[in-house]
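Enquirer: sequence unknown, structure follows:
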């Protein structure tokens, strides 16, 4: 992670397109600072995120380090999830279609008897 060391040693920081001098970036009123560095390795599709945070609590500095890796989903897993969610979507559509069909049948029966459905959509017998 040589890039991270370069960022920490750099004389400037770019924030929102504005170049800031690192000498005045942290001052006496700063209570916390966080550095997030993202590294991507295209040859294996791995992305690493390193988060460093320092918090001043009274007279001591507390540091937090969080490192996690994001991996792309392999083709066989993508296919499995696509098939699973497609099946669930089709089942949900069928449940909604059957519910709508049942409602239409009840409505038609109520109209044939000249008896309206109540607010709950239940046919009074």
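Expert: Nice, thanks for sending it over. Quick caveat, the model's predicted, so the values are computed rather than measured.
Enquirer: Would you mind naming the residues that bridge with the most centrally placed residue in the chain?
Expert: The residue lying closest to the centre of the chain (C-alpha atoms, centre = their mean) is residue 70, at 12.9 Å. Applying DSSP bridges to residue 70 yields these beta-bridge partners: residue 47.
Enquirer: Got the confidence number for it?
Expert: On the pLDDT scale, residue 70 is placed at 84.
Enquirer: Thought residue 41 was touching it, still the case?
Expert: No - using C-beta atoms under 8 Å, residue 70 is not in contact with residue 41; the gap is 11.0 Å. Where C-beta positions appear, they are placed from N, C-alpha and C, glycine not excepted.
Enquirer: Between these two, which contacts overlap?
Expert: 47, 48 (C-beta atoms under 8 Å, 6 or more residues apart in numbering).
Enquirer: gap between the residue nearest to the centre of the chain and residue 32?
Expert: According to C-beta to C-beta, to the nearest Å, residue 70 and residue 32 sit 25 Å apart.
Enquirer: next one: residue 87
Expert: Distance from residue 87 to residue 32, by C-beta to C-beta: 47 Å.
Enquirer: Just want to know which of those two has more residues nearby.
Expert: residue 32 (13 against 10; other C-beta atoms under 10 Å).
Enquirer: got the buried residues for the helix ranked longest in the chain?
Expert: For the chain, the longest helix by residue count, based on DSSP state H, is helix 75-112. Residues of helix 75-112 classed as buried by neighbour count (16 or more other C-beta atoms under 10 Å): residue 110.
Enquirer: Which elements pack onto that helix?
Expert: Applying 3 or more C-beta pairs under 8 Å, 6 or more residues apart in numbering; DSSP states H and E, one finds that helix 75-112 contacts no other helix or strand.
Enquirer: Alright, that wraps it up for me.
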